[in-house]
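Enquirer: following is a predicted model, sequence given first.
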Amino acid sequence: GGQQPTKAAPAGGNQGGNQGGSQQTGAKQLTFGILLVGPYNDHGWSQAHYDAAQTVAKKLNAKMLYVDKVNPADRPGTTAEQLAEDLVSKGAKVIIFNSDDMKDSALAFAQAHPDIYVIHASGDNAWKEGKDYKNLPNLSNVMGKMIYGKMIAGCAAAMTTQTGKIGYLGPLINDETRRLASSAYLGAKYCWEHYRNKDPKDLKFKVTWIGFWFNIPGVTSDPTQVADDFFNNGYDVVLSGIDTTEALVEAKKFHDQGKKVYAVPYDYRDACEEAPEVCLGVPYFNWVPGYTKLLKSAQDGTWKSTFLWLGPDWNNINDPDTSSIGFEPGDALSDAASDAVTKFETELANGLQLWKGPLKLQDGTLYLKDGQVATDQQIWYLPQLLEGMEGQSVPQK
Amino acid sequence: MSSHEIIIGLAGVLFTAAPIVFATIGETFTERAGVINLSVNGTILLSAMSSFAVAVSTHSIFWGFVAGIVVGMGVALTVAFSSIALKQSQVAVGFVLTLMTRDLAYFLGNPYMGLQGPRVHNWPIPVLSKIPVLGTLLFNFDPLTYFSFILIIAAWWWIFHTRPGLILRAIGERPAAAYVRGAPVNKLRYLYTALGGALVGLAGPTYSLSVKAGWKGTISGLDGIGWIALALTIFGGWDPVRGAFGAYLFALLQWLGLVLQPYMPNIPSQVLQVAPFPLMILTLLFVNIGNTEWVKRTLAGLPPDARRWATRILRWMQVVPPSALGTTFEEE
Amino acid sequence: MKIELRNIHKFFGPVHANNNITLSIPSGSIQGLLGENGAGKSTLMKILSGYLRPDRGEILLDGKPLVLNSPADAIRAGIGMLHQDPLDFPPMKVLDNFMMGYPRGLGLPKREAREALLSLAEQFGFSLDPDAYVDTLTIGERQQLEILRLLWLGAKILIFDEPTTGISAQQKEKLFAALRRLASEGKTIIFVTHKLEEVEVLCDRVAVLRAGKLVGEAYPPYNLDDLVRMMFGKVISKGKRIEIPLGKPVLQVKDLAVEDYRLRIEGVNLEVREGEVIGLAGMEGSGQRHLLRACAGLIRPVGGEIWVDGENMTGKTYHSFLRKGVAYLPADRMKEGLVPGLTLSEHFALAQEQTGFVIDRAAVLKRTEEHIKRFNIRGRPDSTVESLSGGNQQRALLALLRPNLRLILMEHPTRGLDMESAIWVWNTLKERCRQRTAIFFMSSDLEEILHYSDRILVFFGGRVSEPLDARTTTVEQLGQLIGGRGFESQPEAAREVAK
Amino acid sequence: MSKQLERWGFVLLATLVALIFTSFVLVLAGASPVAAYWYILKGSLGSWTKISDVMVAWVPLLLATAGLLVTFAAGQWNIGVEGQIVLGAIFTTWVMRSLQHTNTPAAIVLILAFIAGAFGGAIWSAFAGILKVYGGVNEIFGGLGLDFVAVALILWLIFGPWKRPGIGSMSGTEPFPHRLWLPTIHGTRLSLWALAIGLVSIGVVYFLLTGTYFGLKLKAVGRNPKAAYLMGIPTTKYLMGAFIISGIFAGLAGAVQVTAVYHRLIPAISSGYGWLGLMVSMLINFQAAWAAPVTFFFAALNIGSIQLPIMLKLDSSLSGVLQGALVLSFLLLEGARRRWVKRREEAKNE
Ligand SMILES: Nc1ncnc2c1ncn2[C@@H]1O[C@H](COP(=O)(O)OP(=O)(O)OP(=O)(O)O)[C@@H](O)[C@H]1O
Ligand SMILES: Nc1ncnc2c1ncn2[C@@H]1O[C@H](COP(=O)(O)OP(=O)(O)OP(=O)(O)O)[C@@H](O)[C@H]1O
Ligand SMILES: [Mg+2]
Ligand SMILES: [Mg+2]
């Protein structure tokens, strides 16, 4: 069975990392395949997985196969199972599905192939305590506790904003995206309140959803317009929650016009490269620890169906081997702000809980009583945005 | 929303609409000459990709734009050639090209995914940009947006107020008649298709080097723009000014879609985004329904006065496409 | 200017449209060009005006060889042509049409053009409103516009391809006056026609084409019989009128009113009886087509009633008329009559009352072959209709008509046919009349109307004359009426609806 | 005989040209054409599973094409077909959703679902038809507009009313219970039922267009509506008929996608088969007889091209390039051929 996610998260991360790091004994070569939902070089979500998988492959001297753009739009008439089987036919013993979108395929595949280990990144079917537990010994989930990354990002934003207005460029509305936007807000609010000693009421935190993970002309809102709109209306920091980097690109545009605006990309450690001069830093996933742990266990036969929700390695959240969530400070982050961010990180490391009552949901209903700490379930399945955030909470019916 | 925010928003609309204006006016020229170039959607993607790739590898925005324009011309000329020289259906060829150039863009653009490229800078116009409202609304853009303004006027003037413009309308209306008046019909068709293609091609870099700087492959968010431009060409009744108006309307609705999001939680966000299309269909309905048999018959059934009025209104709404649109003309 | 054509050849696929034609035309003269349909007249003129390139042969102007690669070259050389069907821009304004083709400058020479137009019009006694839309003009006025345009561009050689088809008597007189005047100014005029009497009154000399060859030239005074012989290779006569006893009424039109945005016809009263043939005369666009189409249910009348075999069909659609045995034959065969791309047998499959769902190919083929034989169509069951010759297309169209119809409505039943085909067509039609079918047709060929119809309706600017008895009417009277004489109130009124 | 030979020579040449062009593109991308084509071939026909996967993609494409051939016969560019597939899928899903937790026998549910799918496609197509026939709106743009509306509709349903408990996501709606999946041949994803529907459909269309009065009249209407009307053919009825039939097949394609391929509704449910179908129709010059093999070939390209990223790190949009190049080279060479023939005849006359 899976470990208790709450403590498993950081701890698991470390162990996985250390083991992977220390033991380099060449067990018989393992072949694993990874299915990437987007292009392997998207400078975002998929590339983060791709790079990690390659690192791990080297570490365990395993062979890696991959297919990218695994989505029905890019690969008409194919399903992830089908592609997974193709990889199996090429010798893969472990298959990584890297997106929530492959949920059903991952399950179906795991059921159909009990002899193949299945790792589904961002899913909850292996989570005993989850709403959606399926008892499949060959299926494990791994996910990063991006809530921490987003909190830190929020803090960076709060420490930087001059106008006290922070924009959040959201994709579509669901549990995950709500959770992350809210985490960013909590981080921002905390630093605003405790480090800048300002009244939370003066902090505007607005979420605009474009309706999808990227722009589809004539169907979604145009993220470029959303970002421009934020900057034009005095939001001087925009946090991005979508797959593409409009926030950063547009921030640079305004910056070049002499405006003091900043952006925080998402997902991928080197994302800032696209416009360092406006990048406050990026909260990113580092899939190395998780993948190492699971692939290792597959390799030496100690595989157990687990649900890993891995957090940062608080000793060094940017440690490539041990920290599943990191925050890479950007060039645009002032020294003062960067100190504050570091301070915030240490506080979190020392057990600061922001998902802790009193917290209300956007519509004013109570979410956490005073002093109550949210369970992972409560966080994972967050029903609304939090009180104090602007923007839609639930998709329209 | 404060009036300031609205003005800035509107300026943003003018800015984001620029490439659509280019494509629409380009297609307007092409179709005025009697050629329908259906490849716009793919062309924009391919030219966006190529110009980004070139700009990145040459570190020169200029060459980027050149590349985009050349691609646009190339594709357009393929349509013209296969129609004029090979007598193939313009719709068919254009359609194939729109799909093929799209996949070409994705295939060849793969290495350039997510790279950081150069970007056109803003050129606030010295004095004018300081004028309170108008300054922000009209004089604080990058050169492309200014060019889009100029293009609208220029195209309108060219088509309706010059001798070559008269001939342009002629070859799209009745090539044989233009030909006996000494117009080199097919030469001109090549010329205007190339010009139109160049403008469509210009839309590409306008995206990848300005409005949506960068290349993100399938998620660049450009797939579909070309179809919109094609629709706007009809929407505008082959008149650059009306076409441009359509483009602005489209961008405006997109913008409203997001600023109104918080104010109308009960309306799906897709509604306003997709609104331009039903709107377009509706316009097409209005401008065409006058020509349909059943309407004529029903009109005849009406009492005289009602009939007169209805006829007047319908004739007023009608836009008549260039009669020779999509046909080929054989010079001996 | 003196023109010489030397050994001109032109092919269209199988057709040798111009076969070694050599002809020279002195300046200041009006040269006539005669020939039956399809003789090659238009082709030759299109070559002279640079619209077509000859496959062989050369053109000399004042002795100097002249290479025409496009109409542009011809215009530069001072050669201008009025095409058989006016090649202008109906949806545009008169002034735009006038300026179109003006060779120089970026801007539009609006002012000069307007002045030039008005003064030229004045000289020739034409009246043209520069701001009117061309689609509101009569064919005659459109011709006038073209003439003025060419003169403005300084044409010295003017070619007129059958300019008198469908223009009014007065307009014809105006036109001839203009032509004479131009000739006297030293311009060279070429006048294409197949009407002998026009040659007689107008031309200083005439050349005759037959089947693409130049078969001879003639000078006044002309011997008409010779000309006819040259044109047709033999003297052809329509034969004498065929009289057929009339039966009971088929079509009754009561106080009918039809209108479109250009034209309004009203107060038409008429009764067509079994075996009767009614001809509609009038220049193009005077309303004949409207009446015909209304009687077939193709246009819905705005007033009055239409009865077929005692049933009130007012406002019904063509298909319900068809069911009552009313058939419509359009003038433009390839546009409205036949389906390009489909073969003859496919057409016959479509034409008949279909039996069942699946096509019985054998049966269809059999019937097709019968018809091809009976209507001697030059073509095979599997030949597509567009590959047929004009006359054969017309034959096919007639062959497609269902048996035992009550009423046949026709636009220009013999347009584009040579005399023999035309006669043959009418014989088959009269055959149907004997089987008590009524015929209602429009034509711009007065001879045809007078010769084949029992009664005649004359249209002018939307107004309709009382039915005339064909036996007692002469070509002259008809011409007068078509020209608007004898129609009381002034002609232009009819077009007010348009503006 | 020699005509046959000429025909095949032409096909060969056109294909060759397309391959050369694509090879050039490959070289441009620094890849070996031979390897690329080899892996595509291997990845599509290399094993029975592969072949069955190709067939899975083949069926909906075949259906879409079958429908398009009908509208093309009537001279209509039914670009709305994408949207019609989507609507077919939506209606299918709607029936499945409302019956999945009842104890209605699977067979009944599936039959109803397919009927609903056909119906959904038909309505959407009928919209385009009505706009064209009664509103004079060019079917290309009417259809296009409706395509966009359909996409918005499906996204709204998936992220709104039909979102799965908790997360609404690109992965689409909650999958249907296994019993409602169209039964497949053991060990493959291929459903004989779907295959049968596809083959029967193209057969029906072939028969309809070549053997019946309906088809002949449709052709007449398509080539010359005025003449057709004067011949007594109820033009508007036939046009609408064409649109509706076409919509039915498109709707079935959507139903297959939902019941046999994805077992749920996903945003990209149409998989671009509409566009691809239009390409195929052009390539086969609208001759139903060729539809089956050519659609199979296109499906094979789509499936085979998956090997490109795996084996060669190439983007698989290459298959689209190749497909486009094929159609284009056929169109252009056909034009060139006609021109050449004409020249030759003119030469004869001299
Ligand atoms: N574009 C064309 N393609 C094929 N054949 C043509 C073409 N134009 C003319 N022809 C054929 O060439 C021959 C001469 O045609 P032309 O128009 O010169 O005859 P015409 O003397 O003007 O007859 P009409 O008195 O009816 O105008 C006819 O057989 C005609 O069918
Ligand atoms: N526009 C055309 N396109 C293709 N072929 C044509 C065309 N016009 C004529 N032809 C060919 O030229 C041949 C002669 O056609 P044309 O119309 O000149 O006959 P014609 O000499 O006028 O005899 P008819 O009196 O029957 O019209 C026809 O058999 C036809 O195949
Ligand atoms: Mg003829
Ligand atoms: Mg002629």
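Expert: Perfect, thanks for sending it. The structure presented is a predicted model; accordingly, all values stated were derived computationally and were not measured. Numbers count the residues shown, from 1 in each chain, chains lettered A, B, ... in the order given. Ligands and ions are numbered 1, 2, ... in the order given.

Enquirer: make it CA atoms for all contacts and neighbour counts henceforth
Expert: Fine.

Enquirer: which ones are touching C:Gly154?
Expert: C:Gly154 makes contact with C:Gly78, according to Cα atoms under 8 Å, 6 or more residues apart in numbering or on different chains.

Enquirer: do the same with B:Ala306
Expert: Neighbours of B:Ala306 in contact, by Cα under 8 Å, 6+ apart: none.

Enquirer: let me see the mean pLDDT of whichever strand or helix holds it.
Expert: Following DSSP states H and E, one finds B:Ala306 within helix B:304-317. In this model, helix B:304-317 has a mean pLDDT of 85.

Enquirer: stretch C:462-472 too?
Expert: 88.

Enquirer: can you pull the buried residues of it?
Expert: Under the neighbour-count criterion of 16 or more other Cα atoms under 10 Å in any protein chain shown, stretch C:462-472 has C:Gly462, C:Arg463, C:Val464, C:Ser465, C:Pro467, C:Leu468, C:Ala470 buried.

Enquirer: distance check, whichever residue of the stretch 301-450 of chain C sits closest to ligand 2 against C:Trp424.
Expert: Of all residues in the stretch 301-450 of chain C, C:Gly391 sits closest to ligand 2, at 3.3 Å by Cα to the nearest ligand atom. Distance of C:Gly391 to C:Trp424, computed by Cα to Cα, to the nearest Å: 10 Å.

Enquirer: before we move on, back to that, export the helix holding B:Ala306 to PDB, keeping only CA atoms.
Expert: What follows is helix B:304-317, C-alpha atoms only, in PDB (Å, rounded to 0.1, in the frame of the first residue of the first chain):
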ATOM      1  CA  PRO B 304     -47.400  46.500 -53.500                       C
ATOM      2  CA  ASP B 305     -46.200  48.900 -50.800                       C
ATOM      3  CA  ALA B 306     -44.900  46.100 -48.500                       C
ATOM      4  CA  ARG B 307     -43.200  44.600 -51.500                       C
ATOM      5  CA  ARG B 308     -41.500  47.900 -52.500                       C
ATOM      6  CA  TRP B 309     -40.200  48.400 -49.000                       C
ATOM      7  CA  ALA B 310     -39.000  44.800 -48.500                       C
ATOM      8  CA  THR B 311     -37.300  45.000 -51.900                       C
ATOM      9  CA  ARG B 312     -35.600  48.200 -51.000                       C
ATOM     10  CA  ILE B 313     -34.300  46.900 -47.700                       C
ATOM     11  CA  LEU B 314     -33.000  43.700 -49.200                       C
ATOM     12  CA  ARG B 315     -31.300  45.500 -52.000                       C
ATOM     13  CA  TRP B 316     -29.700  47.800 -49.500                       C
ATOM     14  CA  MET B 317     -28.300  44.900 -47.400                       C
END
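
Enquirer: now that helix: buried residues?
Expert: Applying 16+ other Cα under 10 Å to helix B:304-317 flags B:Arg307, B:Ala310, B:Thr311, B:Leu314, B:Arg315, B:Met317 as buried.

Enquirer: helices of the chain, residue ranges please.
Expert: You didn't say which chain, so I picked chain A. Here chain A has its helices, by DSSP state H, at A:5-22, A:45-59, A:80-89, A:103-112, A:146-160, A:175-194, A:223-232, A:246-256, A:288-299, A:335-349, A:376-380.

Enquirer: not quite, go with chain D.
Expert: D:2-28, D:33-45, D:48-73, D:81-99, D:106-135, D:139-159, D:192-211, D:213-223, D:225-230, D:235-256, D:273-283, D:288-304, D:307, D:318-349.
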